[in-house]
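Colleague: missing the sequence, but the structure's below:
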Ligand code: DX5
Ligand code: ZN
């Protein structure tokens, strides 16, 4: 098992980068095998941490040559859809737990022309996706509780990916399964075997002595026999 899977798309998470060298870090991602560049926007309300917002996304967009995968961990995300799209988001993901009118927000994202994603916390069941799944381009499963990089991977996420895979395939939907939190080669292999298609990685990439090689290692997570 595992070898027949396609190579995952790797999305290095800028939260793990050295912010004093942000331009160089983005350039490393530009030159790498990464598919997307993941940006975590936090407001200190929905999650117990603050990160960065629109000005940083705008500046990164000027130098990034990979699509920007913007992960909104903020309250009232629906009010910022157009602004993050204008700042350069190519994929825009909101948390199901943070918006009241999930269907409306997803439609709004799609109207801007961005790919639309919905993220679920580890404690949120897949059933909340039921009504919007056919509309989605991406489902982002959190494999840690959102807010911080460098946390320990929650093991039950692998089974959750497998169940989501069945749900998507069974209904003939197109949404990509993206996993975020505690991703390494070891967890990445099991996630890809379970059906994940996009691997977000902060610490594993940016704390590595050879970030570009670490991205390559994640891309090869499909070439693994269980
Ligand atoms: C966590 C963020 C992640 C984070 C992942 O709230 O959504 O994108 O950067 O970091 P690692 O890969 O270190 O768990
Ligand atoms: Zn994220």
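Modeller: Cool, got the structure. Since this is a predicted model, take the numbers as computed values, not measurements. Numbering: from 1, shown residues only. Ligands and ions are numbered 1, 2, ... in the order given.

Colleague: identify the residues contacting residue 214.
Modeller: Contacts for residue 214 were tallied using C-beta atoms under 8 Å, 6 or more residues apart in numbering; they are 201, 204, 205, 208. Quick note: C-beta positions are derived from backbone N, CA and C, even for glycine.

Colleague: ok, now how distant is it from residue 69?
Modeller: Residue 214 is 18 Å from residue 69, where distance means C-beta to C-beta, to the nearest Å.

Colleague: tally of neighbours for the closest residue in space to residue 156 that isn't next to it in sequence?
Modeller: Among residues not flanking residue 156 along the chain, residue 122 sits closest, at 7.4 Å (C-beta to C-beta, 6 or more residues apart in numbering). Counted with other C-beta atoms under 10 Å, the neighbours of residue 122 add up to 15.

Colleague: please identify the buried residues of stretch 136-151?
Modeller: 136-144, 146-149 (16 or more other C-beta atoms under 10 Å).

Colleague: got a pLDDT number for the residue in the chain that ligand 1 sits nearest to?
Modeller: The chain approaches ligand 1 most closely through residue 202 (2.8 Å), counting by C-beta to the nearest ligand atom. pLDDT for residue 202: 98.

Colleague: so who does it touch?
Modeller: By C-beta under 8 Å, 6+ apart, residue 202 lies in contact with 12, 13, 14, 15, 16, 38, 149, 150.

Colleague: surely the first one forms part of a helix?
Modeller: No. In this structure, residue 12 is strand, not part of a helix, as judged by DSSP: H, G, I helix; E, B strand; the rest coil.

Colleague: residues in a beta bridge with it, which ones?
Modeller: Under the criterion DSSP bridges, residue 12 forms beta bridges with residue 201.

Colleague: give me the distance between it and ligand 2.
Modeller: Applying C-beta to the ion, to the nearest Å, the value for residue 12 to ligand 2 is 11 Å.

Colleague: shift numbering so it begins at 562
Modeller: Will do, 562 is the new start, and the previous item becomes residue 573.

Colleague: run a quick neighbour tally on residue 573.
Modeller: So residue 573, with other C-beta under 10 Å, has 31 neighbours.

Colleague: cool, and residue 664?
Modeller: Residue 664: 11 neighbours (other C-beta under 10 Å).

Colleague: who touches it in this structure?
Modeller: Per C-beta under 8 Å, 6+ apart, neighbours of residue 664: 692, 693, 696.

Colleague: next, the buried residues of whichever helix in the chain runs longest.
Modeller: As assigned by DSSP state H, the longest helix anywhere in the chain is helix 718-731. Buried residues in helix 718-731, counted by 16+ other C-beta under 10 Å: 718, 719, 721, 722, 723, 725, 728, 729.

Colleague: I'd like these as JSON lines, with distance to residue 747 and pLDDT appended.
Modeller: Formatted as JSON lines, the buried residues of helix 718-731 follow (distance: C-beta to C-beta, whole Å; pLDDT from 0 to 100):
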{"residue": "718", "distance to residue 747": "13", "pLDDT": "98"}
{"residue": "719", "distance to residue 747": "11", "pLDDT": "98"}
{"residue": "721", "distance to residue 747": "17", "pLDDT": "98"}
{"residue": "722", "distance to residue 747": "15", "pLDDT": "98"}
{"residue": "723", "distance to residue 747": "17", "pLDDT": "98"}
{"residue": "725", "distance to residue 747": "20", "pLDDT": "98"}
{"residue": "728", "distance to residue 747": "25", "pLDDT": "98"}
{"residue": "729", "distance to residue 747": "24", "pLDDT": "98"}
